[in-house]
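K.L.:
Can you look at this prediction? I've put the sequence above it.
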There are 2 protein chains.
Amino acid sequence: MLDDVRVVAFDIFGTVVDWHTGITSQVGEVFARLRIDLDPAAFADAWRDRYLPAMARVNNAEREWVYLDTLHRESLDALLSEHRVADAVSESDRAHLVRAWHRLPAWPDSAELLTRLRSRYLVVALSNGGFALLVNLVKHAGLTFDAIASAELAGRYKPDPAPYQTTARLLDVAPHEVLMVAAHSWDLDGARAAGLRTAFLERPAEKGPDREADRAADAVCDLAATSASDLAARLGCGN
Amino acid sequence: MLDDVRVVAFDIFGTVVDWHTGITSQVGEVFARLRIDLDPAAFADAWRDRYLPAMARVNNAEREWVYLDTLHRESLDALLSEHRVADAVSESDRAHLVRAWHRLPAWPDSAELLTRLRSRYLVVALSNGGFALLVNLVKHAGLTFDAIASAELAGRYKPDPAPYQTTARLLDVAPHEVLMVAAHSWDLDGARAAGLRTAFLERPAEKGPDREADRAADAVCDLAATSASDLAARLGCGN
């Protein structure tokens, strides 16, 4: 069924890198230094929760295209105000926190998964992160893709069809020759609507220890993998 | 002088891969199979000679943006007709020959050069080849870049300023933080006019054994390197 797949496109935040651990630890460092008494993990969750609604306003044409860093900064500013700690966090600390999304650890099995898949497919990053963010994030995390794609190249955010279709067009393949891999159902729903094939990759710790991640059993997709090695094996790149 | 360089952008055809050897051998295979009595190396030279004039017509707005594969196909068709062998070369052979530009060998020192530079800089491909062409070419040649850029992302060909400036913008750096590396003076002239820093990398065999390549001694640039190891050393990435 997936015989004609030539490109494997990976979502990044949560699917390839562990945003929850990375943001919690970097927020925790800043809060400790500034003696701010807030739970960093809960703050990371609340920050991430503003991600989809912020992008939806761009896709709904309520505002012009704006870089993900700017959306992160706006939601950070709002959260700090709501927690009544706005005065405690300087401009440079805020800029540092926004850049935390450029420095996130890979899941321990991500590098090997990409290496295996690259032996058979073109493997690209396709994220809502900006092009520069992704290039820096991927390099910092020690990962290698054949190419970096980004919603920025389409001027629209996933799950709008544009980023998926722009990536296929840039790679000179038909949408159905691209397999989108993500740990989130909303991303696969967008990919399917754009004509791509879809693979769910379960990342149980994606939202941290206190919240439940999306599950493979619930995903509507062409291929539901419970782990990186399961995904590699089912794409013909097993041991 | 080059202390603020953060990104090293490489031209590809001739600078990182050996187009003359690759095209000559693939043209030679097709001509031998079709019993066409033309010198493959001279044909490769003549084909490449049409590259800059064809792109200039796009940059001069004499025609809309058109993919490099299309320019290669048009100049191939014209050359075959001029040599009175148009009837001998089928549609599928022509398509195969255009794809020869997607399959070219790296210079023997290119992979190590990129690895060394990637330890200190963001290293990207910036070529007039289309995005898909470059992704496939780089992978086929066994090379690793931090990102693939392409004139296609700007809708203009080098030496127009747009591809250089679009690459800097996508990487979120100032033009003077990008060092353009090329074996051709025309490319560095374009980069300089766009505000980039410039490094000439001498590739003496770039135009094959019968024609003289551009020389480092003649190049106007910030850094003139006579070899890959010379370039790496002078960028602080020596042994």
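P.N.:
Yes, it's here. Numbers count the residues shown, from 1 in each chain, chains lettered A, B, ... in the order given.

K.L.:
Give the full set of residues in contact with A:L68.
P.N.:
A:55, A:101, A:128-130, A:133, A:151 (C-beta atoms under 8 Å, 6 or more residues apart in numbering or on different chains). No exception for glycine: its C-beta is placed from N, CA and C like everyone else's.

K.L.:
what ranges of chain A fall below the confidence cut-off?
P.N.:
The model of chain A has pLDDT under 70 over residues A:1.

K.L.:
try 80
P.N.:
Scanning chain A for pLDDT under 80 picks out A:1, A:239.

K.L.:
In contact with A:L133: list those residues for me.
P.N.:
Going by C-beta under 8 Å, 6+ apart, A:L133 touches A:68-69, A:101-102, A:150, B:172.

K.L.:
Just say helix, strand or coil for A:A125.
P.N.:
Secondary structure for A:A125, judged by DSSP: H, G, I helix; E, B strand; the rest coil, is strand.

K.L.:
That one touches A:A149, doesn't it?
P.N.:
Yes - between A:A125 and A:A149 there is a contact under C-beta atoms under 8 Å: 6.3 Å.

K.L.:
What's the end-to-end length of stretch A:126-142?
P.N.:
17 Å (C-alpha to C-alpha, to the nearest Å).

K.L.:
let me redo that: stretch A:220-233
P.N.:
By C-alpha to C-alpha, the extent of stretch A:220-233 from end to end equals 20 Å.

K.L.:
A strand includes A:K158, no?
P.N.:
No - counting by three-state DSSP, A:K158 is not part of a strand but coil.

K.L.:
That one: how many residues sit nearby?
P.N.:
Around A:K158 sit 26 other residues, with neighbours defined as other C-beta atoms under 10 Å in any protein chain shown.

K.L.:
Chain neighbours aside, what residue packs nearest to A:D187?
P.N.:
A:D11 (5.3 Å; C-beta to C-beta, 6 or more residues apart in numbering or on different chains).

K.L.:
picking that back up, what do A:A125 and A:A149 both touch?
P.N.:
Common neighbours of A:A125 and A:A149 (C-beta under 8 Å, 6+ apart) are A:A9.

K.L.:
Residues of chain A that sit close to chain B?
P.N.:
A:118, A:122, A:124, A:130-133, A:135-136, A:138-139, A:144, A:146-148, A:152-153, A:170-173 (C-beta under 8 Å from any C-beta of the partner chain).

K.L.:
Sitting in strands, which of those residues do you find?
P.N.:
A:122, A:124, A:147-148 (DSSP state E).

K.L.:
Neighbour count for those - can I get that in a markdown table?
P.N.:
A markdown table is the format used below for these (neighbours: other C-beta atoms under 10 Å in any protein chain shown):
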| residue | neighbour count |
| --- | --- |
| A:L122 | 22 |
| A:V124 | 22 |
| A:A147 | 26 |
| A:I148 | 27 |
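
K.L.:
Going by distance to B:L97, which of those residues wins?
P.N.:
Ranked by distance to B:L97 (C-beta to C-beta), those are led by A:L122 at 22.4 Å.

K.L.:
which residues touch the closest one?
P.N.:
A:L122 sits next to A:6-8, A:146-147, A:171, B:135-136, B:139 when contact means C-beta under 8 Å, 6+ apart.

K.L.:
try it again with 7 Å
P.N.:
With contact taken as C-beta atoms under 7 Å, 6 or more residues apart in numbering or on different chains, A:L122 is in contact with A:6-7, A:146, A:171, B:135, B:139.

K.L.:
Could you list the domains of chain A?
P.N.:
When chain A is parsed with automatic domain parsing, its domains come out as A:7-18+A:104-234, A:19-102.

K.L.:
looking at those domains, which is buried most?
P.N.:
domain A:7-18+A:104-234 (a mean of 21; mean count of other C-beta atoms under 10 Å in any protein chain shown).

K.L.:
Are we agreed that A:T198 is in a strand?
P.N.:
Yes - assignment of A:T198 by three-state DSSP places it within a strand.

K.L.:
gap between it and chain B?
P.N.:
22 Å (C-beta to the nearest C-beta, to the nearest Å).

K.L.:
Run through the bridge partners of that residue.
P.N.:
Counting by DSSP bridges, A:T198 forms beta bridges with A:M180.

K.L.:
can you give me the strands for chain A?
P.N.:
Secondary structure of chain A (DSSP E): strands located at A:7-10, A:122-127, A:147-150, A:178-182, A:197-201, A:223-225.

K.L.:
my guess is A:A232 meets A:L113, correct?
P.N.:
Yes - using C-beta atoms under 7 Å, A:A232 makes contact with A:L113 at a distance of 5.8 Å.

K.L.:
related to what we said a few turns ago, could the strands of chain A be laid out in JSON lines, adding distance to B:T21?
P.N.:
Formatted as JSON lines, the strands of chain A follow (distance: least, C-beta to C-beta, whole Å):
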{"stretch": "strand A:7-10", "distance to B:T21": "29"}
{"stretch": "strand A:122-127", "distance to B:T21": "25"}
{"stretch": "strand A:147-150", "distance to B:T21": "25"}
{"stretch": "strand A:178-182", "distance to B:T21": "33"}
{"stretch": "strand A:197-201", "distance to B:T21": "38"}
{"stretch": "strand A:223-225", "distance to B:T21": "41"}
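
K.L.:
of all these, which lies closest to B:E177?
P.N.:
Nearest to B:E177, of all these, is strand A:147-150, at 18.4 Å by C-beta to C-beta.

K.L.:
The closest one - which strands sit beside it in the sheet, and in what orientation?
P.N.:
Partner strands for strand A:147-150, per DSSP bridges, with pairing direction: strand A:122-127 (parallel).

K.L.:
need the helices for chain A, in chain order.
P.N.:
For chain A, the helices defined by DSSP state H cover A:19-34, A:40-49, A:51-59, A:68-82, A:91-99, A:110-118, A:131-140, A:161-170, A:185-193, A:228-234.

K.L.:
A:V5 reaches A:H176, doesn't it?
P.N.:
No - counting by C-beta under 7 Å, A:V5 sits too far from A:H176 to count as a contact (8.3 Å).

K.L.:
what is in contact with these two at once?
P.N.:
Counting by C-beta under 7 Å, 6+ apart, the common neighbours of A:V5 and A:H176 are A:R197.

K.L.:
contacting residues for the nearest residue to A:G22 once chain neighbours are set aside?
P.N.:
Spatial nearest neighbour of A:G22, excluding adjacent residues (C-beta to C-beta, 6+ apart): A:L104 at 3.5 Å. Taking C-beta under 7 Å, 6+ apart as the contact definition, A:L104 lies against A:17-19, A:22, A:137, A:141.

K.L.:
ok, of those residues, which one's closest to chain B?
P.N.:
Minimum distance to chain B across the contacts of A:L104 is 11.0 Å, recorded for A:L137 (C-beta to the nearest C-beta).

K.L.:
you'd agree that closest one is up against A:H102?
P.N.:
Yes - the pair A:L137 / A:H102 is scored as a contact, 5.3 Å apart, by C-beta under 7 Å.

K.L.:
Give me the common contacts of these two.
P.N.:
Overlap between the contact sets of A:L137 and A:H102, as judged by C-beta under 7 Å, 6+ apart, is nil.

K.L.:
What distance do you get for A:D172 to A:D39?
P.N.:
A:D172 is 47 Å from A:D39, where distance means C-beta to C-beta, to the nearest Å.
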